[in-house]
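Q: This is a predicted model, with the sequence first.
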Amino acid sequence: MDISLPHNIENILKAKVAEGIFSSMDEAIMFAVQFAFVENNISLERINQLNAEIEKGWKEMDAGKGRNSSEVFIDLRKRYA
């Protein structure tokens, strides 16, 4: 079976193979699919929702609406301390 992956996902999986976490791209893809669909029962609809939220975040960052990591960590410490 031939599949196409978004470049960002392909790069992540290639990095994990290079780090030695997986022995091949096939193993990395198999693990990712199993993790997403079998072990966590994540529906395709939920994955699409999450991807849409990520895309929204990237667009906000591109529009200059992002926050630096220091601000985010301050907020997290306040919320969870």
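A: That came through, no problem.

Q: Looking at Trp68 now. What's its pLDDT?
A: You called it Trp, but residue 68 is Asn. The predicted structure scores Asn68 at 84 on the pLDDT scale.

Q: Apologies, that question was intended for Lys78.
A: The score at Lys78 is 92. That number is its pLDDT.

Q: which residues does it contact?
A: Contacts were defined as Cβ atoms under 8 Å, 6 or more residues apart in numbering; by that measure Lys78 touches no other residue. (Glycine included, C-beta is placed from N, CA and C.)

Q: Might you list the low-confidence residue ranges for the protein?
A: Counting by pLDDT under 70, the chain has low-confidence residues at 1, 39-40.

Q: Show me the helices in it, by range?
A: In the chain, helices defined by DSSP state H lie at 7-18, 25-33, 44-62, 69-80, listed in chain order.

Q: Centre of the chain to the last one, how far?
A: The chain centroid and the centroid of helix 69-80 are separated by 21 Å, computed with Cα atoms, centre = their mean, to the nearest Å.

Q: The chain should start at 47 in everything you say after this.
A: I'll keep to 47 as the first residue from here, and by that count the last item is helix 115-126.

Q: pull the CA atoms of that helix into CSV?
A: Included here for helix 115-126 are C-alpha records, laid out as CSV according to Å, rounded to 0.1, in the frame of the first residue of the first chain:
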residue,chain,number,x,y,z
SER,A,115,6.7,30.7,25.7
SER,A,116,7.3,32.7,28.9
GLU,A,117,3.8,34.1,28.9
VAL,A,118,2.3,30.6,28.3
PHE,A,119,4.3,29.1,31.2
ILE,A,120,3.3,31.9,33.5
ASP,A,121,-0.3,31.2,32.7
LEU,A,122,0.1,27.4,33.1
ARG,A,123,1.8,27.9,36.5
LYS,A,124,-1.0,30.1,37.7
ARG,A,125,-3.7,27.7,36.5
TYR,A,126,-2.1,24.4,37.8
